[in-house]
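In: Sequence and predicted structure are below.
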Amino acid sequence: MGCIGPATPGFLITLIAAALLGLVSFCVPYFEPIFFLKASIPVVGTDLSGSITFGTLGYCLKFPNETTFCSEPQVGYKLDVNQLLDNNLPFEIPSEVVKWITYVLVLHLVAFALATLSASFGLLAHIQEIPLVCCSTLISGFAATVAMLAFIFDIVLFALTKKRIDKTPGGKAEMGIAIWLTLVGFMMLFFSGCFYMFGRCCISSSGGGRRDPEKGRY
């Protein structure tokens, strides 16, 4: 069957999941079109407004004159939430607390790394099928768990942030595609084992070959 084997469906699904999680991991400030949250913030004393987009490793500010400033990419980034949201609560949110909260976004990088490792085992499974398929499926399970935790954190953090910004006079926020890419990546990793089983049941049986007991493949 050429380069298509029983491990191909599972390999492709984990590869796509890794690609999606990679886009999320290196979105803003590297790749601005993909973000978790975009907020429009009015400029005090004018009718103009700028915007801020949040990513895994930083944020980008777009000013009314169309100039853009992006923070240095780093795990855990500081942001003056009180000034941004015109916080009128009886307490302030320290920037160090914000930094520790954004540290949790590193879960996206962990999920991406595990998904990439799983896809690598899936590729090697075309040579030595059974043991490496098991490794790929196991690692996919860990990656799916991490991606699920990242998705839950994204929903909680950015939904609350959106609600707070929407309550600010003149403020408006929208959820970005990065959250949903994380969800799709999680679902692909979660069901990757089913795709490996599909490959063994359908592609193996349709190959018409005899099984090689030494290599564990058809």
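Out: Great, that's in hand. Residues are numbered from 1 along each chain as shown.
In: Going C-terminal from the lengthiest helix in the chain, what's the next secondary structure element?
Out: In the chain, taking DSSP state H as the definition, the longest helix is helix 129-167. Note on helix 129-167: by DSSP states H and E, the next helix or strand toward the C-terminus is strand 172-175.
In: ok, then the element right after that next one?
Out: Strand 172-175 is succeeded, C-terminally, by helix 177-190 (DSSP H and E).
In: Counting neighbours, show which residues of that following helix come out buried.
Out: Neighbour counts using 16 or more other CB atoms under 10 Å place 178-179, 181-190 of helix 177-190 among the buried residues. Any C-beta I mention is one placed from the backbone N, CA and C, and that applies to glycine too.
In: Which strands or helices does the longest helix of the chain pack on?
Out: When contacts are defined as 3 or more CB pairs under 8 Å, 6 or more residues apart in numbering; DSSP states H and E, helix 129-167 packs onto helix 8-25, strand 37-42, helix 106-124, strand 172-175, helix 177-190, helix 192-198.
In: Any idea which of those has the lowest pLDDT on average?
Out: Note on the helices and strands packed on helix 129-167: strand 37-42 shows the lowest mean pLDDT, a mean of 82.
In: from the middle of its chain, how far away would that one be?
Out: 21 Å (CA atoms, centre = their mean, to the nearest Å).
In: Give me the angle between that strand and helix 177-190.
Out: Relative orientation of strand 37-42 versus helix 177-190 (axes from the mean of the first three to the mean of the last three CA atoms, to 10 degrees): 170 degrees.
In: so what strands line up beside strand 37-42?
Out: Sheet pairing here is set by DSSP bridges, and for strand 37-42 it gives strand 49-54 (antiparallel), strand 172-175 (antiparallel).
In: Run through who's touching that strand.
Out: With contact meaning CB atoms under 8 Å, 6 or more residues apart in numbering, strand 37-42 is reached by 48-54, 84, 158, 161-162, 165, 168-176.
In: Quick check on the residues you listed: which are buried?
Out: Using 16+ other CB under 10 Å, the buried ones in the contacts of strand 37-42 are 49-54, 84, 158, 161-162, 165, 168, 171, 173, 175-176.
In: okay, now the nearest residue to Ile101 once chain neighbours are set aside: neighbour count?
Out: Nearest non-adjacent residue to Ile101, counting by CB to CB, 6 or more residues apart in numbering: Leu157, 6.8 Å away. For Leu157, the number of neighbouring residues by other CB atoms under 10 Å comes to 18.
In: and stretch 125-144, which residues are buried?
Out: Per 16+ other CB under 10 Å, stretch 125-144 contains these buried residues: 125-126, 129, 132-133, 135-137, 139-144.
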